[in-house]
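coords please:
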Amino acid sequence: MLTIEEGVEGTVVLKGRLDAAQAPLAQAHLDGVHGTATLDLAGLDYISSAGLGVLLKTQKRLMAGGGRLRLAGVNPHVRDILVYSGFDQLFEIEPAP
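Below is the predicted model of the structure:
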C-alpha cells in the first residue's frame, strides 16, 4: 500500500511501497507537481522498477521545464536500490537524518 500526502513547503510525502500496483497512483499525483519538487521518502519501505520509472518520468518532465526532482529522507534500503540502479547519479538525494 502507498500513501501520498502533501508535506511542508510543497514536499510530497510517500509512505509504504511504490511498486507496479501503486505506480499509476504515484504517477497521477506527481504529474501535478511543477518546478523543483521534493519527495520525502523517509516512510518509503520499498521501490520497484516500476516505481523507479515513475521517478525517472517525473524527473525528465520537470527538467524539461527548468525544474528538478529532489529526494529527501532516503532510508538505507531505498538508497541501495537507487545506487544499484544508477539513479543516485540522476537525482539530488538527501540522506535520512
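
Quickly run through the sheet partners of the longest strand along the chain, with directions.
The longest strand of the chain (DSSP state E) is strand 36-47. When sheet partners are counted by DSSP bridges, strand 36-47 sits next to strand 12-18 (parallel), strand 68-74 (parallel).

what's the next secondary structure element after it?
helix 49-64 (DSSP states H and E).

ok now the longest strand of the chain, how far from the chain's centre?
5 Å (Cα atoms, centre = their mean, to the nearest Å).

Pull out the buried residues from that strand.
A37, T38, L39, D40, L41, A42, L44, I47 (16 or more other Cβ atoms under 10 Å). Every residue, glycine included, has its C-beta placed from N, CA and C.

quick one: the second one and E6, what's the gap?
To E6, T38 is 11 Å away according to Cβ to Cβ, to the nearest Å.

Spell out which residues are contacts of both of the two.
V12 (Cβ atoms under 8 Å, 6 or more residues apart in numbering).

Let me have the buried residues of strand 36-47 in JSON lines, extended by pLDDT and distance to K57.
Shown next, in JSON lines, are those (pLDDT from 0 to 100; distance: Cβ to Cβ, whole Å):
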{"residue": "A37", "pLDDT": "94", "distance to K57": "13"}
{"residue": "T38", "pLDDT": "95", "distance to K57": "17"}
{"residue": "L39", "pLDDT": "97", "distance to K57": "13"}
{"residue": "D40", "pLDDT": "96", "distance to K57": "19"}
{"residue": "L41", "pLDDT": "96", "distance to K57": "17"}
{"residue": "A42", "pLDDT": "94", "distance to K57": "22"}
{"residue": "L44", "pLDDT": "96", "distance to K57": "17"}
{"residue": "I47", "pLDDT": "96", "distance to K57": "14"}
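
Take those and lay them out in CSV including distance to V12.
Formatted as CSV, the buried residues of strand 36-47 follow (distance: Cβ to Cβ, whole Å):
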residue, distance to V12
A37, 6
T38, 7
L39, 5
D40, 7
L41, 10
A42, 12
L44, 11
I47, 14
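
tally of neighbours for the nearest residue to L41 once chain neighbours are set aside?
The spatially closest residue to L41, leaving aside those adjacent along the chain, is V74, at 5.1 Å (Cβ to Cβ, 6 or more residues apart in numbering). V74 has 23 neighbouring residues, counting by other Cβ atoms under 10 Å.
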